[in-house]
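[1] Sharing a sequence plus its predicted fold:
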Amino acid sequence: MAANSNPTVRRRRLGAGLRRLRLASGLKSTEVADRLMVSQPKISHLENGRRAISPRDVRDLCAVYGVTDPQVIGSLMQMAKECGQPGWWHAYGDIPQSVYIALETDATSLHTYESMVIPALLQTPAYADAVIGETIPQLTTEEAGTRLKVRLRRQHRIYDPARPLRLWVVLDESALRRVVGSPDTMREQLEHLNALGAEPHVTVQVLPYTAGAHPGLAGQFSILRFTDSSTAAPVVYLERFTSDLYLEKPSDVQHYRLLHDHLQAQALSPDGSRDFITDVTKMYVDTAGRP
């Protein structure tokens, strides 16, 4: 299985395809449920990707929808088989954020706002280790090590030559000023941040304190987009300490798109942000050797 295969997004794509076939047949989900003698929620969950879809489900639904083209049926059944295959993150056991990691692995672009820390995809190993160790109480050494490995593995998307993730980050100045780990860790992190920000597929903008109040004061959010928006709609991700939130309603996604647009407009330009980060880095260079 390819390293970037994503059963979660595959399910969403397959479900969207089955929904189109149902609509083309003129059937309501309740009518399909009656014919297959299953519950209507099951049909809805299959169509929105919230439930695993077996090849048998595909076969039965195609029969109800009157689909007879063997290529169409075969393609859908193959996708159903692939949905059951594990993603790379399953090798690390039951890890937090597995749903988000699945989406991130298949996303083509990610627009994010962070107010307190450098985004995970742009963190150095030392910075990531400090963030994990200092923000999650009662974490064992083994658990912390696993989370660090997963976080660094996620960063492969940034360096993938075949399909690098298009990343647009707006950072509050607080993320640069907050000392995570040590001044030396921060110096290394900000140098790394500027190096990645120079890549053509990565944009980093800093929102300075002088910008005053802004739409990002409510907290972190990310917008994930996928290659085929007709089968995998954008998703807004809101990270929380216990229960993360995923928003898919078009109105919700549009709301956060506008928020990110406003934050981009209020932030320093990419060139100005690099200069700003360089100035903050000098502060850590000056203090790195102090006790």
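    Cool, the structure landed.

[2] Show me the strands in the stretch 151-291 of the chain, by range?
    Here the stretch 151-291 of the chain has its strands, by DSSP state E, counting those that start in this stretch, at 166-172, 202-207, 221-225, 235-238, 245-247.

[3] Against T140, how distant is L193?
    29 Å (Cβ to Cβ, to the nearest Å). Heads up, the C-betas are built off the backbone N, CA and C, glycines and all.

[4] more neighbours, these two?
    Taking other Cβ atoms under 10 Å, L193 and T140 do not tie; L193 has more neighbours (27 against 8).

[5] what residues are up against the more buried one?
    Residues near L193 by Cβ atoms under 8 Å, 6 or more residues apart in numbering: 118, 122, 204, 277.

[6] Over to P208?
    Per Cβ under 8 Å, 6+ apart, neighbours of P208: 173, 267-268, 276.

[7] Highest neighbour count among those residues?
    A267 leads the contacts of P208 on contacts (other Cβ under 10 Å) with 25 neighbours.

[8] rewinding a little: of the contacts of L193, which is the nearest to Q220?
    I118 (11.7 Å; Cβ to Cβ).

[9] Quick one, grab the pLDDT at the closest one.
    On the pLDDT scale, I118 is placed at 97.

[10] gap between it and L217?
    Separation of I118 from L217 (Cβ to Cβ) stands at 19 Å.

[11] okay, those two: which has more neighbours?
    Between I118 and L217, counted using other Cβ under 10 Å, I118 has the larger neighbour count: 24 against 9.

[12] So the more buried one, which state does it fall into?
    Classification of I118 using DSSP: H, G, I helix; E, B strand; the rest coil returns coil.

[13] So what does it look like in phi/psi?
    Dihedral pair for I118: phi -70, psi 140, per degrees, to the nearest 10.

[14] From what I see, it and D172 are in contact.
    No. Using Cβ atoms under 8 Å, I118 makes no contact with D172, being 10.8 Å away.

[15] got the contact list for Y256?
    Neighbour list for Y256: 221, 223, 236, 247 [criterion: Cβ under 8 Å, 6+ apart].

[16] run the last query once more with 7 Å
    For Y256, the contacting residues are 221, 223, 236, by Cβ atoms under 7 Å, 6 or more residues apart in numbering.

[17] Only C-alpha atoms, please: export the lowest-mean-pLDDT helix or strand in the chain in PDB.
    Within the chain, confidence by mean pLDDT, DSSP states H and E is lowest for helix 7-25 among all helices and strands, at a mean of 82. Extracted in PDB, the C-alpha atoms of helix 7-25 (Å, rounded to 0.1, in the frame of the first residue of the first chain):
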ATOM      1  CA  PRO A   7      -8.900   5.300   4.000                       C
ATOM      2  CA  THR A   8     -10.800   8.100   5.600                       C
ATOM      3  CA  VAL A   9     -10.700  10.300   2.500                       C
ATOM      4  CA  ARG A  10     -11.200   7.300   0.200                       C
ATOM      5  CA  ARG A  11     -14.400   6.600   2.100                       C
ATOM      6  CA  ARG A  12     -15.600  10.100   1.600                       C
ATOM      7  CA  ARG A  13     -14.900   9.900  -2.100                       C
ATOM      8  CA  LEU A  14     -16.600   6.500  -2.500                       C
ATOM      9  CA  GLY A  15     -19.600   7.700  -0.400                       C
ATOM     10  CA  ALA A  16     -19.900  10.800  -2.600                       C
ATOM     11  CA  GLY A  17     -19.800   8.700  -5.700                       C
ATOM     12  CA  LEU A  18     -22.500   6.400  -4.400                       C
ATOM     13  CA  ARG A  19     -24.600   9.400  -3.500                       C
ATOM     14  CA  ARG A  20     -24.400  10.700  -7.100                       C
ATOM     15  CA  LEU A  21     -25.600   7.300  -8.300                       C
ATOM     16  CA  ARG A  22     -28.500   7.400  -5.900                       C
ATOM     17  CA  LEU A  23     -29.500  10.900  -7.000                       C
ATOM     18  CA  ALA A  24     -29.200   9.900 -10.700                       C
ATOM     19  CA  SER A  25     -31.600   7.000 -10.000                       C
END
